[in-house]
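S.K.: Structure here, sequence nowhere to be found:
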């Protein structure tokens with residue numbers, strides 16, 4: 001089935017873009033705003049509403065399938081693409097991508113992605129554009145074949161149909177205490193993120209952070225159901241390195257100390273330090289992993305900054321320079337690359353966390369669910385937004401619906417096989 005037209009629609013992301021450099025430099029908060037001048041190129045203010053552009057593919061039967069193009073909360077930081085520019089993205093889509101879409105066979109998802117998202121003038125297309133267009137192409141393949149998007153991924157990558165749910169990880173935003181309570185009451189698998197993105201939140205020598213980790217652990221035991229033991233996952237935005245220095249041994253010592261303070265829990269520490277480049281990050285994270293493993297610590301480190309594209313992820317996984325990779329979907333680009341990234345992590349015995357950003361949309365979040373479940377990622381982010389309830393509902397319900405559909409398909413397939421076998425036996429007897 002061919003695409004006969006393209007529709008573009010402006011939209012909003014579910015949170016805000018933030019200037020990480022300005023926040024790290026000490027920008028003060030005034031209510032929900034940050035005061036001061038932005039430091040990251042392209043940002044007019046330190047905090048600005050997130051935007052998106054929806055792309056609709058009008059198929060030959062007049063069905064329209066959609067994908068959403070957007071970037072992440074901390075655009076322009078850690079080697080990422082610059083801040084999302086809706087006008088620029090729309091122009092590139094119309095001038096470069098639309099002509100390709102009108103000539104592509106949408107029944108083959110990966111092939112269609114490769115053709116439509118090919119580099120132009122020696123440069124890769126904006127990753128936000130790749131992300132949204134690939135969502136729409138995955139939806140088109142699913143529509144044509146009358147399958148779920150998860151089944152398209154399984155077929156394209158030679159995977160068995162999944163039967164198990166993927167653990168869900170929720171993020172708190174700045175409303176830490178209230179949102180932690182929400183997560184515990186809803187028995188979230190992994191929590192709470194914590195948004196430890198400033199010196200004030202990390203504390204002198206990391207003491208404020210340690211106290212928060214201990215409070216979260218105690219709170220789960222106080223108000224959670226008996227036996228509830230979520231993994232504790234905190235994103236520290238490089239502040240261990242910023243506060244204590246960029247020495248792997250010192251960073252590992254600190255992480256072990258935090259983990260020992262909550263011995264009954266698995267502790268994930270995301271972005272413990274930013275060493276300035278992908279190569280330096282790989283080298284030094286590998287040392288931290290080695291130290292933690294050698295001590296038998298219950299702590300795991302998670303890479304985010306400096307690990308953006310599929311090739312970055314491959315580099316970290318093959319070097320075992322992390323315990324978990326955050327596959328940050330808008331930064332990876334094509335959602336086909338997200339699926340491939342999970343499989344690369346699995347091949348190298350590294351955890352695959354299909355993440356993304358609070359700035360995404362309900363549409364991109366639901367598409368991500370299908371890839372996460374199809375590839376059986378180790379965990380997935382409840383997104384979009386920072387409200388906790390909305391992300392858990394969108395991602396959790398989509399996952400449950402998907403698994404229910406797949407279970408129905410399995411039951412129907414088994415019934416058909418049994419009927420076919422009975423008919424064959426009957427013919428043999430006759």
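M.R.: Thanks, I have it. Since we're looking at a predicted model, the values are computed, not measured. Numbers count the residues shown, from 1 in each chain.

S.K.: packing partners for the helix or strand containing residue 91?
M.R.: Assigned by DSSP states H and E, residue 91 belongs to helix 86-92. Helix 86-92 sits against strand 47-59, helix 127-145, with contacts defined as 3 or more C-beta pairs under 8 Å, 6 or more residues apart in numbering; DSSP states H and E. Backbone N, C-alpha and C define where each C-beta goes, glycine included.

S.K.: angle of the longest one against strand 47-59?
M.R.: Read it as helix 127-145. Note on geometry: by axes from the mean of the first three to the mean of the last three C-alpha atoms, to 10 degrees, helix 127-145 and strand 47-59 are set 30 degrees apart in direction.

S.K.: for helix 127-145, packing partners?
M.R.: Judged by 3+ C-beta pairs under 8 Å, 6+ apart, the packing partners of helix 127-145 are strand 47-59, strand 64-69, helix 86-92, helix 109-116, helix 149-157, helix 329-332, helix 335-347, helix 362-375.

S.K.: for the closest residue to residue 250 other than its chain neighbours, what are its contacts?
M.R.: Counting by C-beta to C-beta, 6 or more residues apart in numbering, residue 250 lies nearest to residue 244, which is 5.3 Å off, once chain neighbours are set aside. Contact analysis of residue 244 by C-beta atoms under 8 Å, 6 or more residues apart in numbering lists 205-206, 250-251, 254.

S.K.: Just the buried residues of stretch 51-61, please?
M.R.: Residues of stretch 51-61 classed as buried by neighbour count (16 or more other C-beta atoms under 10 Å): 51-57, 59.

S.K.: same check, this time on stretch 249-260
M.R.: Result for stretch 249-260 [16+ other C-beta under 10 Å]: buried residues 251-252, 254-256, 258-259.

S.K.: And for stretch 365-380?
M.R.: Neighbour-count burial for stretch 365-380, counted by 16+ other C-beta under 10 Å, picks out 365-380.

S.K.: Could you do stretch 177-193 as well?
M.R.: In stretch 177-193, counting by 16+ other C-beta under 10 Å, buried: 179-184, 186, 188-193.

S.K.: looking only at pLDDT, what's the mean for it?
M.R.: The average pLDDT for stretch 177-193 rounds to 97.

S.K.: Now find how far off-centre that stretch is within its chain.
M.R.: From the chain centre to the centre of stretch 177-193 is a distance of 18 Å (C-alpha atoms, centre = their mean, to the nearest Å).

S.K.: for stretch 374-383, same thing?
M.R.: Using C-alpha atoms, centre = their mean, the offset of stretch 374-383 from its chain centre is 8 Å.

S.K.: Give me the distance between the two termini of that stretch.
M.R.: End-to-end distance for stretch 374-383, by C-alpha to C-alpha, to the nearest Å: 18 Å.

S.K.: Mean confidence (pLDDT) on that stretch, please.
M.R.: Stretch 374-383 shows a mean pLDDT of 98.

S.K.: residues near the residue nearest to residue 120 when sequence neighbours are not counted, how many?
M.R.: Distance criterion C-beta to C-beta, 6+ apart; nearest residue to residue 120, sequence neighbours excluded, is residue 96 at 5.5 Å. Residues near residue 96, counting by other C-beta atoms under 10 Å, number 16.

S.K.: for the helices and strands packed on helix 127-145, which one ends up most surrounded?
M.R.: Mean neighbours per residue, mean count of other C-beta atoms under 10 Å, is largest over these for helix 329-332, with a mean of 30.

S.K.: quick revisit: can you say which of the helices and strands packed on helix 86-92 is nearest to residue 224?
M.R.: Evaluated with C-beta to C-beta, the helices and strands packed on helix 86-92 place strand 47-59 nearest to residue 224, the distance being 32.0 Å.

S.K.: what packs against the helix or strand residue 416 falls within?
M.R.: Per DSSP H and E, residue 416 falls inside helix 389-429. Judged by 3+ C-beta pairs under 8 Å, 6+ apart, helix 389-429 is in contact with helix 149-157, strand 168-169, helix 362-375, strand 379-381.

S.K.: right, so of the ones you listed, which gets closest to residue 397?
M.R.: Smallest distance to residue 397 across those (C-beta to C-beta): 9.1 Å, for helix 362-375.

S.K.: Between strand 64-69 and that closest one, find me the angle.
M.R.: Helix 362-375 runs at 90 degrees relative to strand 64-69, counting by the same axes, to 10 degrees.

S.K.: Among the buried residues of stretch 249-260, which one lies nearest to residue 225?
M.R.: residue 259 (23.9 Å).
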